[in-house]
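Trainee: Turn this into a structure:
(one chain, ligands or ions: 1)
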Amino acid sequence: MRTVAKGQTVTVSEIFGPVIQGEGGVIGRPTVFVRTGGCDYRCSFCDSLFAVLPEHRGSWRKMGTEEIFGEVRRLSPEPILVTLSGGNPALQPLGDLIRRGRERGYTFAIETQGTVSKPWFAELDHLTISPKPPSSKMETDWEKLDLCVAAGGTGTEVILKVVVMDDVDYVYAREVAARYPGVPMYLQVGNDNPPGAAPDDATEPDVSGLLDRYAWLAEKVVADRWNGVTVLPQLHVLVYGNRRGV
Ligand code: SF4
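Mentor: Below is the predicted model of the structure:
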């Protein structure tokens, strides 16, 4: 019998979709996003500040599992991949949502920076750990990252994804890959013109700059003969721009 902690609520910034997942190991898949509110990081290139900064708490909602799953089912009555994003979704009690959804055929992915590990990571279908490179201005706690990378269950696909803005980030990505040799590694070019925190701060992405950086990164990987890595664009930015809720 499932144990549900009474009164446990999740802080939600927004629930939207279905859209095409633009990042990581499930890139290109239709998905509904559950974006939680609150983050233990403040990355320089964050494109979701409305889900990070405490001054936006007023737009976040405390929701129970039933309410969240009801909204997911309203958006997609047929089972679909649900992406738990943020902010840092690992700060929230999401295990019951995952269990409830999986019982009805939904699958679950999380994107988290690898600072907080939770037992319910083992119940995910996809665990994307995205440690932040030096250009984020955040420091990696390698021991906490170790715990997150090891937290997947037998049915969990664990992958690492690193945003690369420049050569220093690239060296960091190689360090991450060397530390976890058995874990699939994705590189993703960064968007250095992300939106601000307010809803009307939807900046236009520098698409040609993003594509130039993608070409630079692809050439670097090939020249280095780093053959086990996957290099991705920010597909969602190319398709949807910097708009929110897509
Ligand atoms: S970890 Fe993600 S959500 Fe948090 S500040 Fe960094 S980019 Fe933004």
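Trainee: so where do the strands sit in the chain?
Mentor: Counting by DSSP state E, residue ranges of the strands within the chain are 10-20, 30-36, 61-63, 81-85, 107-112, 126-129, 157-164, 185-189, 229-232.
Trainee: Redo those strands as TSV? Include distance to the ligand.
Mentor: In this view, the C-beta of every residue, glycine as well, is placed from N, C-alpha and C. Output for those, formatted as TSV (distance: least, C-beta to the nearest ligand atom, whole Å):
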stretch	distance to the ligand
strand 10-20	10
strand 30-36	9
strand 61-63	18
strand 81-85	8
strand 107-112	8
strand 126-129	11
strand 157-164	8
strand 185-189	12
strand 229-232	16
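Trainee: Need those in a markdown table (columns: mean neighbour count, distance to residue 238 and mean pLDDT).
Mentor: Output for the strands of the chain, formatted as a markdown table (neighbours: other C-beta atoms under 10 Å; distance: least, C-beta to C-beta, whole Å; pLDDT from 0 to 100):
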| stretch | mean neighbour count | distance to residue 238 | mean pLDDT |
| --- | --- | --- | --- |
| strand 10-20 | 19 | 11 | 97 |
| strand 30-36 | 23 | 17 | 97 |
| strand 61-63 | 15 | 30 | 98 |
| strand 81-85 | 24 | 18 | 98 |
| strand 107-112 | 23 | 18 | 98 |
| strand 126-129 | 25 | 19 | 98 |
| strand 157-164 | 22 | 15 | 97 |
| strand 185-189 | 22 | 10 | 95 |
| strand 229-232 | 17 | 11 | 96 |
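Trainee: Okay, now the unreliable bits of this structure?
Mentor: Applying pLDDT under 70 to the chain flags residues 1-7, 193-203, 236, 239-246.
Trainee: Many thanks, we can stop here.
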